[in-house]
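J.: next come a sequence and a model predicted from it.
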Amino acid sequence: MRSKRSKASFHRKLNTLEERKRFLIVCEGTKTEPNYFKAFPTNTEVVSVEVEGTGYNTVSLVDRALRSSGNGGYDEVWCVFDKDSFSPELVNRAIELANSNDIKVAFSNEAFELWYLMHFHYYDSAITRQDYIDKLTNLLGTPYRKNSPDMYDILEGRMEDAIRRSQRLLESYRPRRPAYDNPSTTVHLLVEKLRRFGRQSVSCNLPGV
């Protein structure tokens, strides 16, 4: 009897391993975005999430994602980057390159911090990068630090609202032109994917680690 249970347990475990999804998230930033996704609580029995913080941007970031994914057998590869001060032409080229290689994009115009702000209020007017910092400092009640490893934990309770507001903002643009739609973000699309995989831990692969 013990042998049968052991055998059934083995097959269940084998099936779980065979079905486990593999995600690769390649980030423009080396700390802010990787720290956020590193803290994301996924169930490692059903999904493997690798996060790279690269320091690359736009087209060079997508090229890096292509090299990193290689023949890695990933179910999904994501690039996370911002509009910043890059030209619309460069941004569009990066998004087109990603799309043509089945790479998904979590893009923010103009900065990743828009996703953080959406946890508190709906924003549909363009603001400067310094405004993002000032608003977050005011809303958090403490100076906002871009490289903070605690942002996921601080904002987790407001995530549903952030997803709803981000989706509402995205739907307000018809047609969608990411390089020109300021403000806008699709980070919530990646967040929604990760939330499907329960709670445990995310592995992180940063330069020098």
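T.: That came in fine, so what should we check first?
J.: in the chain, which spans are strands?
T.: Using DSSP state E, the strands of the chain run over 21-27, 47-53, 76-82, 104-109, 184-185.
J.: residue 163: neighbouring residues, count only.
T.: 19 (other Cβ atoms under 10 Å). All C-beta spots, glycine's among them, are computed from the backbone N, C-alpha and C.
J.: sketch out the low-pLDDT regions of the chain for me.
T.: In the predicted model, the chain carries pLDDT under 70 at residues 1-18, 198-209.
J.: please redo it, this time with the cut-off set to 80
T.: Low-confidence regions of the chain, defined by pLDDT under 80, span residues 1-19, 71-72, 198-209.
J.: show me the helices in it, by range?
T.: For the chain, helices defined by DSSP state H occupy the ranges 2-19, 32-38, 58-69, 88-100, 113-117, 129-140, 151-155, 159-171, 187-195.
J.: okay if I get those helices as a markdown table plus distance to residue 47?
T.: Compiled in a markdown table, the helices of the chain are given as follows (distance: least, Cβ to Cβ, whole Å):
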| stretch | distance to residue 47 |
| --- | --- |
| helix 2-19 | 10 |
| helix 32-38 | 13 |
| helix 58-69 | 16 |
| helix 88-100 | 21 |
| helix 113-117 | 21 |
| helix 129-140 | 29 |
| helix 151-155 | 16 |
| helix 159-171 | 18 |
| helix 187-195 | 8 |
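J.: apart from its neighbours in sequence, what residue is nearest residue 129?
T.: In space, not counting the residues next to it along the chain, residue 129 is nearest to residue 111; the distance is 5.5 Å by Cβ to Cβ, 6 or more residues apart in numbering.
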